[in-house]
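Trainee: I need the structure of the sequence given here:
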Amino acid sequence: MKLKLDRRRFLGAFGLTAGAGLLSPLLRSVWADEAGVAARRVVIVMTGNGIEGHTLLSPRARAERASLGGAVAEVGAGDLAEAPALGALAAGGVDLTSKAAVVHGLSNKIAGGGHTALYKALSASLERRQTIDSWLAQRLHGEEPFSALRLGTMESSAAKLQYGICLEDSARQLPIIANPADAHASVFGSIASGAGGRAFDVQADLLDFAMEDVKRVQQGFVGSTRERAKLEGYLLALEELREQQRRLVGMGDALRDLAVGRGLDPESGVDLNVSHPLGRLEGQFKLAGAALLGGLTNVVLLTNSVGHAFSHTKYTSLASIFEQDSNFSGEVPWRHGVCHEAGGNPVYQRVLDRVIERQVEMIAELARTLDAVPEGDGTMLDHTAIVFMSDNGSTHHSQSTNWPTLIVGGGAMGLETGGRTWLYPEFGSDANPRVSNLFNTLGHGVGEPLDDFGGEPDRSERGGPLSELLA
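Mentor: Residues are numbered from 1 along each chain as shown. This is a model prediction of the structure:
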């Protein structure tokens, strides 16, 4: 029997009640619940270099796909978790399949193809323009410290930031924090008492100095309008960071209780920065989950070796699978080589499939964490749409004609899941939708109807949400 627990009592279990600071964003969320204001959140999980279509399709869906004509086909509930990578949705004590859906057949030709589409995957546009994470952050950001939290992994545990994936606009790139220890410092640095706390204080001082310096330059600036706009944009970014720090400081007690409640060391995230990339990604998921529970943000992007980082990534944690290859040398190869050999080497194909499966397991764990927290007439998961997609489509050398996608949650946001698989006609068909249509659907889900996101020349005919995904 599932214990019915209202959200205030749940927060009390973590110490996040009045004693933790009445102005914390998390408690404001509770008051919003009681006032009948619907919470809305979006988590985008993006893996690098493709999600092969078979990993997300059940046997019934694969059979339906083989005979698909020119119309959309719906594979009803019942076997979603039979897909090779989706078993975790039905495991773990709470079956999530009724709150999940698979979308198969979306195209994104405007993004190009090849190994990675970089920023074009999230902008659905050939030219540099705002990516969907930024669009969502602008509309869902209130008084939370972070407008969006962008966390990921690259091939090296020493990597700090990754650019080229997220854009505020054509001129401003948005960084992904690629080191879990640094991500921990961003979220919990304000409460650290050791080196992390000192670094947080130093950064605050540097931001104050930089803002004053820019203001002095502005007073005597005689350059062009374009250069003045750059200065103004720089100052705005500094002010945003400083305000973020002020808000984190203001909820110190709540942050400490949150870290302890989620099994995280409040002082340091060094232990999260393990040697293998899937382990580091798990650490980033833990931080993202804490941030969502703590009301620190409403938009999260989690990335796994996206962009060109995929090439030299080594899945060292999957050595036991590589060892099944009779020709295994003992040295785990780079992903690029694994992809090229997978067609003739079933062991390498199992590695690639396991990478997707492992990420779904992380998604399922995050989803269950959110589903355990009552919110409004449902749970936090019902008010959170989790979208799992790739940065280049379905194959190593992508043609951008199919972008398999998994959606979990979002029922209270109007998303229609119900354990269904939606199969769309192939690229070239009049009924073939685009990745931008999926982004338009997210816009509708957050209460900001969006019908024209993306840069396809024919978006006026193909714009708008995916009607099958809207209740």
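Trainee: drop to CA atoms for contacts and neighbour counts, all remaining ones
Mentor: Noted.
Trainee: Give me the pLDDT for residue 249.
Mentor: Note on residue 249: pLDDT of 74.
Trainee: Now it: which helix or strand?
Mentor: Element membership for residue 249, per DSSP states H and E: helix 225-250.
Trainee: Check residue 42 too.
Mentor: Using DSSP H and E, residue 42 falls in strand 41-47.
Trainee: likewise residue 163?
Mentor: Residue 163 is part of strand 161-167 when elements are defined by DSSP H and E.
Trainee: For that strand, list every residue counted as buried.
Mentor: Going by neighbour count (16 or more other Cα atoms under 10 Å), the buried part of strand 161-167 is 161, 162, 164, 165, 166, 167.
Trainee: circling back to that earlier point, starting at the chain centroid, how far to the strand holding residue 42?
Mentor: From the chain centre to the centre of strand 41-47 is a distance of 2 Å (Cα atoms, centre = their mean, to the nearest Å).
Trainee: returning to that earlier point: got CSV for the buried residues of strand 161-167, with distance to residue 418 and pLDDT too?
Mentor: Formatted as CSV, those follow (distance: Cα to Cα, whole Å; pLDDT from 0 to 100):
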residue, distance to residue 418, pLDDT
161, 37, 94
162, 35, 96
164, 35, 96
165, 31, 97
166, 31, 98
167, 33, 97
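Trainee: And the residues you listed, which two are furthest apart?
Mentor: 161 and 167 (14.1 Å; Cα to Cα).
Trainee: Please list all residues in contact with residue 446.
Mentor: The contact partners of residue 446, taken as Cα atoms under 8 Å, 6 or more residues apart in numbering, are 40, 41, 140, 413.
Trainee: Hmm, residue 41 and the third one touching each other?
Mentor: Yes - the pair residue 140 and residue 41 qualifies as a contact (Cα atoms under 8 Å) at a distance of 7.4 Å.
Trainee: So the two - more neighbours on which side?
Mentor: It is residue 41, of residue 140 and residue 41, that has more neighbours when counted by other Cα atoms under 10 Å, with 25 against 22.
Trainee: Confirm residue 360 sits in a strand?
Mentor: No - according to DSSP: H, G, I helix; E, B strand; the rest coil, residue 360 belongs to no strand; its state is helix.
Trainee: ok, it touching residue 90?
Mentor: No - contact criterion Cα under 8 Å: residue 360 and residue 90 do not qualify, at 11.3 Å.
Trainee: of those two, who's got more company?
Mentor: Legend: neighbour count by other Cα under 10 Å for residue 360 and residue 90, higher for residue 360 (21 against 17).
Trainee: quick one: the more buried one from residue 420, how far?
Mentor: Look at residue 360 and residue 420: by Cα to Cα, to the nearest Å, they are 17 Å apart.
Trainee: If you count contacts, what does the helix holding residue 249 end up packed against?
Mentor: Here helix 225-250 is seen to pack against helix 195-219 when contacts are counted using 3 or more Cα pairs under 8 Å, 6 or more residues apart in numbering; DSSP states H and E.
Trainee: about what we covered before: return the strand holding residue 42 as PDB; C-alpha atoms alone will do.
Mentor: Extracted C-alpha coordinates of strand 41-47, given in PDB (Å, rounded to 0.1, in the frame of the first residue of the first chain):
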ATOM      1  CA  ARG A  41       9.300  21.900 -15.200                       C
ATOM      2  CA  VAL A  42      11.300  20.400 -18.100                       C
ATOM      3  CA  VAL A  43      14.300  18.100 -18.000                       C
ATOM      4  CA  ILE A  44      16.100  17.400 -21.300                       C
ATOM      5  CA  VAL A  45      18.500  14.400 -21.300                       C
ATOM      6  CA  MET A  46      20.700  14.400 -24.400                       C
ATOM      7  CA  THR A  47      23.100  11.700 -25.300                       C
END
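Trainee: Direction included, what does that strand pair against?
Mentor: Using DSSP bridges, the strands paired with strand 41-47 are strand 299-304 (parallel), strand 384-390 (parallel).
Trainee: can you list those strands in CSV and add distance to residue 51 and mean pLDDT?
Mentor: Output for those, formatted as CSV (distance: least, Cα to Cα, whole Å; pLDDT from 0 to 100):
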stretch, distance to residue 51, mean pLDDT
strand 299-304, 12, 98
strand 384-390, 6, 98
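Trainee: Let me have the ones you listed in TSV, extended by distance to residue 434.
Mentor: TSV is the format used below for the strands paired with strand 41-47 (distance: least, Cα to Cα, whole Å):
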stretch	distance to residue 434
strand 299-304	20
strand 384-390	13
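Trainee: closest to residue 355 out of those?
Mentor: Closest among the strands paired with strand 41-47, using Cα to Cα: strand 299-304, at 9.8 Å.
Trainee: Mean confidence (pLDDT) on the first helix or strand past the closest one going along the chain, please.
Mentor: Next along the chain after strand 299-304, taking DSSP H and E as the criterion, comes helix 319-322. In this model, helix 319-322 carries a mean pLDDT of 97.
Trainee: Show me which residues of helix 319-322 are buried.
Mentor: Across helix 319-322, burial judged by 16+ other Cα under 10 Å covers 319, 322.
Trainee: mind saving the C-alpha coords of the following helix or strand past that helix as CSV?
Mentor: Counting by DSSP H and E, the next helix or strand C-terminal to helix 319-322 is helix 335-342. In CSV, the C-alpha atoms belonging to helix 335-342 read as follows (Å, rounded to 0.1, in the frame of the first residue of the first chain):
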residue,chain,number,x,y,z
ARG,A,335,33.2,5.2,-28.8
HIS,A,336,34.0,6.3,-32.4
GLY,A,337,35.7,3.0,-33.1
VAL,A,338,33.0,1.0,-31.3
CYS,A,339,30.4,2.5,-33.5
HIS,A,340,32.3,1.7,-36.7
GLU,A,341,32.8,-2.0,-35.6
ALA,A,342,29.4,-2.5,-34.1
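Trainee: which parts of helix 335-342 are buried?
Mentor: By neighbour count with 16+ other Cα under 10 Å, helix 335-342 contains the buried residues 335, 336, 338, 339.
Trainee: So the residue lying closest to residue 89 once chain neighbours are set aside versus residue 181, what's the distance?
Mentor: Closest residue to residue 89 apart from its sequence neighbours, by Cα to Cα, 6 or more residues apart in numbering: residue 96 at 5.1 Å. From residue 96 across to residue 181, the span is 30 Å (Cα to Cα).
Trainee: Next: residue 110.
Mentor: Residue 110 is 36 Å from residue 181, by Cα to Cα.
Trainee: same question, residue 175
Mentor: As judged by Cα to Cα, residue 175 and residue 181 stand 15 Å apart.
Trainee: Also residue 380?
Mentor: Counting by Cα to Cα, the gap from residue 380 to residue 181 is 26 Å.
Trainee: Those two: who's more crowded?
Mentor: Just comparing residue 380 and residue 181: by other Cα under 10 Å the higher neighbour count belongs to residue 380, 27 against 22.
Trainee: contacting residues around the more buried one?
Mentor: Counting by Cα under 8 Å, 6+ apart, residue 380 touches 370, 371, 372, 373, 374.
Trainee: how many other residues sit next to the nearest residue to residue 325 once chain neighbours are set aside?
Mentor: Sequence neighbours aside, residue 347 is the residue nearest to residue 325 in space, at 6.0 Å (criterion: Cα to Cα, 6+ apart). Residue 347 is flanked by 20 other residues according to other Cα under 10 Å.
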